[in-house]
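sequence first, predicted model second:
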Amino acid sequence: MTKKLYPHFNPEVHKIESKIATVRTSHHCKYNINYHIIWIPKYRKPILVDKVREVLKTIIDGQCQELSLNNLALEIMPDHLHLFVGAKPTVTPFKIIHKLKGNTSIQLRRVFPDLKYLGYKQHFGKGFDALWARGYYCGSAGHVSQEQVKRYIQEQMGKSVFEYDIYGCPSHLKGQLKIGDFCNE
């Protein structure tokens, strides 16, 4: 499986816990809104390597500045990327993802014309209309611990059952309730 080929998003490298604990201020509010966003190239093709990776990082950094996002962490794997950003309450996750995926697709294909063929050796027709797959993952996080981010990543690797504390749950049951066994272990 491709999940075991690449090292996964590493929160320790980016010192995420200290970054997401920051409460930011605007003219009339204080906020701490962070999003963990993941998206993949069409057909999960491993094309995000070498120069493409470097240019993609530069484009995302520029787009984060333009959208007034705090780029807390970015890890680009050959077949997907993890982006952890802090946003103002006025910026919706959809808008962030829409702008980032659209702009990076256009700019990357301008710099690397072969990307419109997604790495296929034979170029038939005019290529693909989009670089990125339609779907994405977006998880919101306020102040979460590194352990929670690690647990999420381990769950993505199929190592455990999804476990979440349920709001209003009696304290003696916290951590014992499990929502769905999606790993079939």
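Yep, that arrived.

drop to CA atoms for contacts and neighbour counts, all remaining ones
Noted.

where does this protein dip in pLDDT?
Applying pLDDT under 70 to the chain flags residues 1-21, 121-127, 142-185.

grab the longest helix from it for me.
helix 93-111 (DSSP state H).

which outside residues touch the following helix or strand past that helix?
Following helix 93-111 in sequence order, the next helix or strand is strand 137-141 (DSSP states H and E). With Cα atoms under 8 Å, 6 or more residues apart in numbering as the test, strand 137-141 has contacts from Ile33, Asn34, Tyr35, His36, Ile37, Ile38, Trp39, Pro93.

residues touching the fourth one, list them.
By Cα under 8 Å, 6+ apart, the contact list for His36 reads His82, Leu83, Phe84, Val85, Tyr137, Cys138, Gly139, Ser140, Ala141.

what is the neighbour count of Gln65?
Neighbours of Gln65 under the rule other Cα atoms under 10 Å: 12.

phi, psi of it?
For Gln65, the backbone dihedrals (degrees, to the nearest 10) come out as phi -60, psi -40.

distance check, it against Val85.
Noted for Gln65: a distance of 11 Å to Val85, by Cα to Cα, to the nearest Å.

quick one: buried residues of stretch 57-74?
By 16 or more other Cα atoms under 10 Å, the buried positions in stretch 57-74 come out as Lys57, Ile59, Ile60, Asp61, Gln63, Cys64, Leu69, Asn70, Asn71, Leu72, Ala73, Leu74.

next one: stretch 98-109
Lys99, Leu100, Lys101, Thr104, Ser105, Leu108, Arg109.

same check on stretch 28-48?
So for stretch 28-48, counting by 16+ other Cα under 10 Å, buried means 32-42, 45-48.

wait, which of those is closest to Arg24?
Nearest to Arg24 among those: Asn32, at 6.2 Å, using Cα to Cα.

with adjacent residues omitted, what lies nearest to that closest one?
Val23 (5.1 Å; Cα to Cα, 6 or more residues apart in numbering).

next one: phi and psi at that neighbour?
phi -90, psi 120.

roughly how far apart are Ser105 and Leu67?
17 Å.
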